[in-house]
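Q: Build me a model from this:
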Amino acid sequence: MSMNVINFQDANCAHCYKCLRNCDVKAIRIKNGQAQIVRDLCIYCGHCMEICPQHAKTFDSDLEYVKHMLKHGEKLVVSLDSSYSGLIQSNRPGKVVDALYKLGFSDVRETAEGAAFVTREYIRLLEEGKMENIITTHCPAIVYLVEKHYPMLIPYLAPVVSPMVAHGRLIKKEMGRHTKVVYIGPCVAKKMEAEADSATSGAVDAVIEFNELEQWLEEEGIDLNRCAERAFSNSDPKINRLYTISSGILRAVSTCGGSSSYTNMSVSTIKGCRELLHSMKRGYLHGVFVELKLCSGGCVNGPGVNKRRGFRFKAVMNIENSTSMEACPPPEGMSQEMLTRSFSPKQVVEKMPTEAEIKEILKTIGKSNSDTEFNCGACGYMSCREKAIAIYQGKAEAAMCLIRSYENARSQASVVLENIPSIVLIVDREFRIIEFNKKAEEVFQTTRREAIRNYLFDYIDTKEYEEVYATHEAKFHLKKKWPYYNMVVLETIVYMENSDRLLAVIEDITADEKREAKQMEQKLNSIKMAQDVIDKQMTTAQKIAELLGETTAETKATLTQLRDYVLEDDNA
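A: You can find the predicted model right below:
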């Protein structure tokens, strides 16, 4: 069984581990933060598809293959699961039959037709009384659960095929092996049973979910309520239509057969089924005929149904009201051999770590002692010890511990807040303080514990903060003076939309301001000194000029007198 039934889209997987938390058989492996299916453990219940919030798990659809066969003229016959009544939106079941003919199918029959043969075989087993316990094998997910996780209980599995397989074999026997059978229903595991299980493959050629059928009808523009009413081509299977609801198999067998010495039991949900199988494994149950259905309430609550519409109970009511509670005549046309199947253990025995190895792994994920083992289950495992074993087996990663990741993130954030040289504040719309770091404690002379009881306006002016709340526009590097604290600061205020809070990072620039003021004072002093020198030089120059001017005049007068004297001598 190597085919895919459920596909995972890595890009959409968001580290939430919801699929792992909801997988009772832990058939999910986390690798590089992405979920993957462990096929050896998977029972193909499809519940991981239903609960995935990111829609990262999808059904490996046969729809395009069916369309291809129809396009190329293949003879396709529908085996329609009885749970269609109430699950497919139609005011009349017969309209669904007509819609299927409109899609191109050559024949439409009820899977319950095959259930009648299965009922016959269950009655035979009960009458023979050779089996200590009998577990119904209508649900393939239950079969895989036993084969993979409770192989010691295989002798209790009724060696009978499911109604789908019985019906497929009946159709091919009557119409020829070239006929293609398409099962339409609410089950994911049916695809594995039909196409990849060597014990049952070959009876059904394709599997389509109800969700896919409704999408297909919409694409083709087929309105169910405008379709005519047409009957199924098979005879009325009567009470065997109840197979798809809780206790339906028991009621069908009881109505169609005689009494037996077995005690009837009906259990649905995987948790309930596992609890019963565990009790049977321990030898607590003897002489029981057990109807096990993995989906709560039966097939009407399968993963191939749109759960948002809440049609489950409507479907149960419709099936109950439309089903004849009479026994149908013993069906003929199929031998016991055609209805018999075998089972084989498929359990994977995983290597287990030693106690020392478990403790070492626990240390690596921050679980150095029992006090740090919170066993919260957020990672998907019930205990830290169970997760450590999964890490050893390669199915889990250390990073999956949400508490440890939170503590690491918080620790790193604390380191940043404690060591950042700026004040960091977070306030809500009422200006109540939410975060208050170490630098804020130093500046405002209070503790964080005290501060988060107070409001921002108890410490500083909040005018700019109010503006940011009003406009949602950040303010960057606002220079403000805080006279009360003898500080000059640069405020950056940002609105955080996701939390409707304000983040403020406030840088103390008081020292820078003082340094700049001192540098300016030094510059002014230097300028004054230079001006004084210039003034003195000018004064000196002026005095020199004055002295030079007086000397020059005196020299000129003396020389003039000397010239005149010489000239007077020459004339004489």
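Q: Show me which strand runs longest in the chain.
A: strand 487-496 (DSSP state E).
Q: gap between that one and the chain center?
A: 38 Å (Cα atoms, centre = their mean, to the nearest Å).
Q: Can you tell me which helices and strands that strand packs against?
A: helix 463-471, strand 475-482, strand 501-508, helix 510-571 (3 or more Cβ pairs under 8 Å, 6 or more residues apart in numbering; DSSP states H and E). Heads up, the C-betas are built off the backbone N, CA and C, glycines and all.
Q: That one - which strands sit beside it in the sheet, and in what orientation?
A: Strand pairing for strand 487-496, determined by DSSP bridges: strand 475-482 (antiparallel), strand 501-508 (antiparallel).
Q: what's in contact with that strand?
A: 423, 426, 443, 464-465, 468-469, 472-482, 501-510, 512-513 (Cβ atoms under 8 Å, 6 or more residues apart in numbering).
Q: Report the buried residues of it.
A: Residues of strand 487-496 classed as buried by neighbour count (16 or more other Cβ atoms under 10 Å): Met487, Val488, Val489, Leu490, Glu491, Ile493, Val494, Tyr495.
Q: How about stretch 373-390?
A: Glu373, Ala378, Cys379, Gly380, Tyr381, Cys384, Arg385, Glu386, Lys387, Ala388, Ile389, Ala390.
Q: next one: stretch 260-274
A: Under the neighbour-count criterion of 16+ other Cβ under 10 Å, stretch 260-274 has Ser260, Tyr262, Asn264, Met265, Ser266, Val267, Ser268, Thr269, Ile270, Cys273, Arg274 buried.
Q: and if you look at stretch 63-70?
A: So, applying 16+ other Cβ under 10 Å, buried residues of stretch 63-70: Leu63, Val66, Met69, Leu70.
Q: Please name the nearest non-neighbouring residue to the first one.
A: When the adjacent residues along the chain are set aside, Leu63 lies closest to Glu212, with 5.0 Å between them (Cβ to Cβ, 6 or more residues apart in numbering).
Q: helix, strand or coil for that neighbour?
A: Three-state assignment for Glu212 (DSSP: H, G, I helix; E, B strand; the rest coil): helix.
Q: measure it to Arg501 for me?
A: 45 Å (Cβ to Cβ, to the nearest Å).
Q: And for Val160?
A: 63 Å.
Q: out of those two, which sits in the more crowded spot?
A: Using other Cβ atoms under 10 Å as the criterion, Val160 and Arg501 rank with Val160 on top: 24 against 17.
Q: And the pLDDT at Asp564?
A: You'll see Asp564 listed with a pLDDT of 63.
Q: ignore the last one, Pro163
A: In this model, Pro163 carries a pLDDT of 97.
Q: What count of nearby residues applies to it?
A: By other Cβ under 10 Å, 28 other residues sit near Pro163.
Q: So for it, what's the nearest residue that isn't a sequence neighbour?
A: Ala115 (3.8 Å).
Q: Which helix or strand contains that neighbour?
A: Using DSSP states H and E, the element containing Ala115 is helix 112-128.
Q: Which is the succeeding secondary structure element to the helix or strand of the chain with the lowest mean pLDDT?
A: For the chain, the helix or strand with the lowest mean confidence is helix 402-419, at a mean of 68 (criterion: mean pLDDT, DSSP states H and E). Under the assignment DSSP H and E, the closest C-terminal helix or strand after helix 402-419 is strand 423-427.
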